[in-house]
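**Q** Sequence and predicted model, in that order:
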Amino acid sequence: MITRRQLLIALGCSLAAPLVSFAQQRPAKIFQLGFLSPTSASGAASSLNELRAGLRDLGYVEGKNIHIDFRGAEGKYERLPALAGELVDLKVDVIVAAAMPAIKAAQRATNAIPIVMVQAADPVDAGVITSLSRPGANITGLSDINVDLSSKYLELMRVAVPKLASVAVLVNPGHPNHPNELKNIRAAASSTGVHISAVHASAASQIEPTFNAMTRAQSGALIVLPDGFFRTHMSRIADFAMKNRLPTMLWSRELVEAGGLMSYGQNLGEHYRRAATYVDKILKGAKPGDLPVEQPTKLEFVVNLKTANAIGLTTVQDLLFRADKVIQ
């Protein structure tokens, strides 16, 4: 015989079971992450993949608990404000902004949505943050030191070409950091006798005239300043350099792997993986303005041996001796 107490317990269990089952089946929140880049989807692919890898390491899987909305300006910086506005309208939880043009566009678009910056050159001087230790407002992330490294580009180029007389520096007039980087290169060249010729391009239609200007100037080498527009058109730049047997100095290991001669700077892949840790902390409730900005702790000099041989570089052993990484 079932007692009244036993009957109540049985009824309670039968009612609770569907509630427990419902709680277990309730879908996890899917966070919305915006990615704003000055370059194209293909140009940002490796960086985005590194960010994804960093997020996976922290338990975020696209389609399961996070969704990434990519917006790329394809080297047309004037598009960045509208693209940043699109991410704001989507009400994303966090915006990852790559390089200063995108960072500033995101900053102008919102003071509420957290922004994680990557490849941020001199963010304090640029007025993006208050300080590295306490950035303030809605921005944090990782800075770079490309402006400080720019004089090193010339030093390494003179190792590649000891009798170097003339260097072309590819500059984007629309990039906020390029004036200072060019200034540093000119200062480094002042005591060497090397002539620095700045060539400008900010649109696809200007690339061919820029190549012609370098040819007329009989430049002995090419320094390409860090820039999303140049990354978008890197295959054209690399083809021109190879055809004219020009040694090239770049800012990213990825571009050397794609056929450039050499690069000097931080490992950007590692920086995008580190950006994932900022995203994670913010999604868990941290305020971006309280998270200190990271600076590079490791720099690497990368040389493409295949490219060196293809352009007939005779000093390749001197470069390999200095290189942290050699692309075969």
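**A** Received, thanks. Residues are numbered from 1 along each chain as shown.

**Q** What is the burial count for the closest residue in space to I311 that isn't next to it in sequence?
**A** Leaving aside its sequence neighbours, I311 sits nearest to R245 (Cβ to Cβ, 6 or more residues apart in numbering; 4.3 Å). C-betas here are computed from N, CA, C, even on glycine. Neighbour count for R245, taken as other Cβ atoms under 10 Å: 11.

**Q** any idea how far S151 is from R245?
**A** 25 Å (Cβ to Cβ, to the nearest Å).

**Q** Could you pull out the buried residues of stretch 193-203?
**A** Across stretch 193-203, burial judged by 16 or more other Cβ atoms under 10 Å covers V194, I196, A198, V199, A201, S202.

**Q** Which members of those residues occur in helices, if any?
**A** Assignment to helices by DSSP state H places none of those there.

**Q** Kindly reformat those as JSON lines and extend each row with distance to T314 and pLDDT.
**A** Shown next, in JSON lines, are the buried residues of stretch 193-203 (distance: Cβ to Cβ, whole Å; pLDDT from 0 to 100):
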{"residue": "V194", "distance to T314": "18", "pLDDT": "95"}
{"residue": "I196", "distance to T314": "23", "pLDDT": "96"}
{"residue": "A198", "distance to T314": "27", "pLDDT": "96"}
{"residue": "V199", "distance to T314": "26", "pLDDT": "96"}
{"residue": "A201", "distance to T314": "30", "pLDDT": "95"}
{"residue": "S202", "distance to T314": "35", "pLDDT": "93"}
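
**Q** Pick the one among those closest to H178.
**A** A198 (9.0 Å; Cβ to Cβ).

**Q** That closest one touches V171, doesn't it?
**A** Yes: the criterion here is Cβ atoms under 8 Å, and A198 meets it with V171 at 5.1 Å.

**Q** what do these two both touch?
**A** Among the neighbours of A198, those also in contact with V171 (Cβ atoms under 8 Å, 6 or more residues apart in numbering) are L182.

**Q** quick revisit: just give me the closest of the buried residues of stretch 193-203 to G259.
**A** A201 (18.9 Å).

**Q** Where does pLDDT dip in the chain?
**A** Low-confidence segments of the chain, defined by pLDDT under 70: 1-27.

**Q** Show me the domain layout of it.
**A** 31-144+267-290, 147-265+300-327 (automatic domain parsing).

**Q** can you pull the contacts of the residue nearest to L51 when sequence neighbours are not counted?
**A** Spatial nearest neighbour of L51, excluding adjacent residues (Cβ to Cβ, 6+ apart): Y272 at 4.5 Å. By Cβ under 8 Å, 6+ apart, the contact set of Y272 is S47, L48, E50, L51, G54, V118.

**Q** Using CSV, lay out those residues together with secondary structure, distance to S131 and neighbour count.
**A** Shown next, in CSV, are the contacts of Y272 (DSSP: H, G, I helix; E, B strand; the rest coil; distance: Cβ to Cβ, whole Å; neighbours: other Cβ atoms under 10 Å):
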residue, secondary structure, distance to S131, neighbour count
S47, helix, 26, 26
L48, helix, 29, 19
E50, helix, 27, 22
L51, helix, 25, 26
G54, helix, 25, 22
V118, strand, 18, 26
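
**Q** ok, now which ones touch Y264?
**A** The neighbours of Y264, taking Cβ under 8 Å, 6+ apart as the test, are L149, K152, Y153, L156, M249, W251, L299, E300, F301, V302.

**Q** so is it in a helix, a strand, or just coil?
**A** Secondary structure, DSSP: H, G, I helix; E, B strand; the rest coil: Y264 is strand.

**Q** correct me, but V159 touches F321?
**A** No: with contacts defined as Cβ under 8 Å, V159 does not count as touching F321, sitting 9.3 Å away.

**Q** hang on, the earlier thing: just the closest of the contacts of Y272 to A238, please.
**A** Among the contacts of Y272, S47 lies closest to A238 (Cβ to Cβ), at 18.4 Å.

**Q** Which parts of the stretch 1-150 of the chain are strands?
**A** With DSSP state E, counting those that start in this stretch as the criterion, the stretch 1-150 of the chain has strands at 31-37, 66-72, 94-98, 115-121, 139-144.

**Q** Packing partners of the third one?
**A** Based on contacts counted as 3 or more Cβ pairs under 8 Å, 6 or more residues apart in numbering; DSSP states H and E, the elements that strand 94-98 packs against are strand 31-37, helix 80-89, helix 100-109, strand 115-121, helix 268-283.

**Q** got a markdown table for those, with distance to M234 too?
**A** Formatted as a markdown table, the helices and strands packed on strand 94-98 follow (distance: least, Cβ to Cβ, whole Å):
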| stretch | distance to M234 |
| --- | --- |
| strand 31-37 | 14 |
| helix 80-89 | 19 |
| helix 100-109 | 17 |
| strand 115-121 | 16 |
| helix 268-283 | 14 |
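
**Q** Could you say which of those is packed most deeply?
**A** Mean neighbour count (mean count of other Cβ atoms under 10 Å) peaks for strand 115-121 among the helices and strands packed on strand 94-98, with a mean of 28.
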